[in-house]
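Participant: What follows is a predicted structure for the sequence shown.
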Amino acid sequence: MIKNETTADILKESLFNPKKLPKEAEEVLKDFDTIIQGLLPLNSKQFSKLPDDIRELSHQLTDERDTRRTAYMNEKVTLSAYTRYFMWWNLVRLTRLFSNIDLSKADIKDGDACIDLGSGPLTAVIALWLSRPELRALNLTWYCVDISPTALSLGEDLFLSVAARTLSEEMENKWKIIRVKGQMGTSIKKKAKLLICANMFNEVFQSESRPLDFLAKKYSEDLTRYGDKKTSYLVIEPGIPRSARFISLLRDTFIRKDMSITAPCSHCETCPMDGRLLKGPHMNKTADSNRTGKWCNFAFPVKNAPEKLQKLSAAAKIPKERVVLSFVFATPAAEENKGLVKNERAAQKSDKTVLLRIASDPIRLSEKIGFYACSRLGLVLYIPKKGQLTFSGDLVEVSLPKREPKKDFKSGAIIIE
């Protein structure tokens, strides 16, 4: 907990504090391309073509996804481009997130089984290993599930290489990797203590025509079949409106299952940034037909990202200025709290303070700077004091205004200054 000297507002948590990332993780990320080269080598001609391969794969993952093969990660050229660009960037964002959220709520113990659905080249498992040194001492069995055995095989080799670089001489690697060729729904022998999905649903529902609320309910049931009452679920998706909408709907299903939302939410009320399509008589039917309301996503700048990765991004003509994601981390609720959601809400409303999760970039408001934030009160336009450093993803505790707060005309958000 950090109290800012210029204000009574208290910073409770940051999602992307770079100082939380272990030093050895920074070193691995900085030279991740050399680890890949040792396992999936390219010659000089192939290196010269790499930016074009990356750009082509980027199109297949976005505007040309209808032409992409289902098992595209089995192709060597594609896998090389994916690991050297997309996986590397995903490691940057996942390690930053994993090193900052409270994973102790998952209560992972020695001997537990964990599942990584849509594992690909084990990006999430490697990111967790790098981010949380305290978990390396545990005997964990990871069931890594993906339709591409080639990606899984390379991923295990990458994991073993990363582990070897980060373990001291007297320590051994206690994580067991079990590769499972399949997709969501594939049977796993053990129930998971922690289930992770990173960037899986974004690909799953790209070809879906069914409504997102239906898919969220369906996939929630599919996920929870892998667990029991002690299982935690961490789902991370790209920070785009459709994915954020899906994450918001998935959050609702977890709450209805009596689970706690450990991050990013500061409350269990209706999501005020659910990315719902805007409708109403005031909307311009042509210009506004596809506009969404505020959608939950978090971002951090790439200034601390590996220099070689940024240069490769520029060469591929898809440079990044910031890394964006949407996610939900659902953990088992304490037994005494189950079924007491309404009572908890009533107690919260009598509090003199409120928790705000900053969920936007800075917004210039004439002579001031504001941020949209999520809270149990609904959408908030938060205006910190001048000089107070505030970033996307920060969790801030602020005093409630003594008088009825004003509302922002444009967004309808409650203004807390």
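Facilitator: Looks like it arrived, so ask away. All values reported here derive from a predicted model rather than from experimental measurement. Numbers count the residues shown, from 1 in each chain.

Participant: Which pLDDT value goes with residue 340?
Facilitator: Predicted confidence (pLDDT) for residue 340: 44.

Participant: Strands along the stretch 251-400 of the chain, start to end?
Facilitator: All strands of the stretch 251-400 of the chain, identified by DSSP state E, counting those that start in this stretch, fall at 259-263, 298-301, 322-332, 353-358, 363-365, 368-375, 378-382, 395-399.

Participant: Of these, which is nearest residue 83?
Facilitator: strand 322-332 (17.4 Å; Cβ to Cβ). Glycine gets a C-beta too; all of them are placed from N, C-alpha and C.

Participant: Could you please name the strands the closest one pairs with and the direction of each pair?
Facilitator: Strand 322-332 pairs in its sheet with strand 232-238 (antiparallel), strand 259-263 (antiparallel), strand 298-301 (antiparallel), by DSSP bridges.

Participant: still on that earlier bit, would CSV of the strands of the stretch 251-400 of the chain with mean pLDDT be doable?
Facilitator: What follows is the strands of the stretch 251-400 of the chain, written out as CSV (pLDDT from 0 to 100):
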stretch, mean pLDDT
strand 259-263, 95
strand 298-301, 96
strand 322-332, 96
strand 353-358, 95
strand 363-365, 91
strand 368-375, 94
strand 378-382, 95
strand 395-399, 94
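
Participant: so which of those strands gets nearest residue 159?
Facilitator: strand 322-332 (21.6 Å).

Participant: Where does the prediction get shaky in the protein?
Facilitator: Residues of the chain meeting the criterion pLDDT under 70: 1-8, 63-72, 206, 277-292, 335-350.

Participant: middle-most residue in it, spatially?
Facilitator: Nearest to the mean C-alpha position of the chain, by Cα atoms, centre = their mean, lies residue 236 at 3.4 Å.

Participant: check contacts around it.
Facilitator: 94, 97, 124, 196, 197, 198, 199, 325, 326, 327 (Cβ atoms under 8 Å, 6 or more residues apart in numbering).

Participant: Repeat the analysis, applying 6 Å as the threshold.
Facilitator: 198, 325, 327 (Cβ atoms under 6 Å, 6 or more residues apart in numbering).

Participant: go on, residue 182?
Facilitator: By Cβ under 6 Å, 6+ apart, residue 182 lies in contact with residue 145.

Participant: Leaving aside the residues adjacent along the chain, what's closest to residue 167?
Facilitator: residue 173 (6.3 Å; Cβ to Cβ, 6 or more residues apart in numbering).

Participant: what's the neighbour count on the one you found?
Facilitator: As a burial measure, residue 173 scores 15 neighbours (other Cβ atoms under 10 Å).

Participant: Would you quantify the distance from it to residue 370?
Facilitator: 47 Å (Cβ to Cβ, to the nearest Å).

Participant: you'd agree residue 414 is up against residue 406?
Facilitator: No. Between residue 414 and residue 406 there is no contact under Cβ atoms under 6 Å: 7.9 Å.

Participant: who's more crowded, the two?
Facilitator: residue 414 (22 against 13).

Participant: For that one, name its beta-bridge partners.
Facilitator: Beta-bridge partners recorded for residue 414 (DSSP bridges): residue 380, residue 407.

Participant: same for the helix or strand that contains residue 214, what does it pack against?
Facilitator: Element membership of residue 214, judged by DSSP states H and E, is helix 212-224. Contact analysis of helix 212-224 by 3 or more Cβ pairs under 6 Å, 6 or more residues apart in numbering; DSSP states H and E lists helix 241-256 as its packing neighbours.

Participant: and the helix it packs on, what other elements does it pack with?
Facilitator: Secondary-structure packing of helix 241-256 (3+ Cβ pairs under 6 Å, 6+ apart): helix 212-224, strand 322-332.

Participant: quick one, which of the ones you listed is packed in tightest?
Facilitator: Ranked by mean neighbour count under mean count of other Cβ atoms under 10 Å, the helices and strands packed on helix 241-256 are led by strand 322-332, which reaches a mean of 23.

Participant: Can you check what angle separates that one from helix 241-256?
Facilitator: 10 degrees (axes from the mean of the first three to the mean of the last three Cα atoms, to 10 degrees).

Participant: rewinding a little: out of the strands of the stretch 251-400 of the chain, which is closest to residue 42?
Facilitator: Taking Cβ to Cβ, strand 322-332 is the member of the strands of the stretch 251-400 of the chain nearest to residue 42, at 25.2 Å.

Participant: Mind listing residues that contact that closest one?
Facilitator: 93, 101, 105-106, 230, 232-237, 239, 243-244, 247, 250-251, 254, 259-263, 296-297, 299-301.

Participant: Just the buried residues of those residues.
Facilitator: Among the contacts of strand 322-332, those classed as buried by 16 or more other Cβ atoms under 10 Å are 93, 101, 106, 232-237, 239, 243-244, 247, 250-251, 254, 259-263, 296-297, 299-300.

Participant: Tell me the spacing between the residue nearest to residue 167 and residue 329.
Facilitator: The value you get for residue 173 to residue 329, if Cβ to Cβ is used, is 26 Å.

Participant: repeat for residue 367
Facilitator: 37 Å.

Participant: cool, and residue 62?
Facilitator: From residue 62 to residue 329 the distance is 26 Å (Cβ to Cβ).

Participant: Equivalent analysis for residue 74, please.
Facilitator: Residue 74 is 31 Å from residue 329, by Cβ to Cβ.

Participant: how deep is the residue nearest to residue 398 when sequence neighbours are not counted tucked in, by neighbour count?
Facilitator: Nearest residue to residue 398, sequence neighbours excluded (Cβ to Cβ, 6+ apart): residue 9, at 4.8 Å. By other Cβ under 10 Å, the residues close to residue 9 number 21.

Participant: Go ahead and confirm residue 9 touches residue 395.
Facilitator: No. Counting by Cβ under 6 Å, residue 9 does not reach residue 395; the two are 11.0 Å apart.
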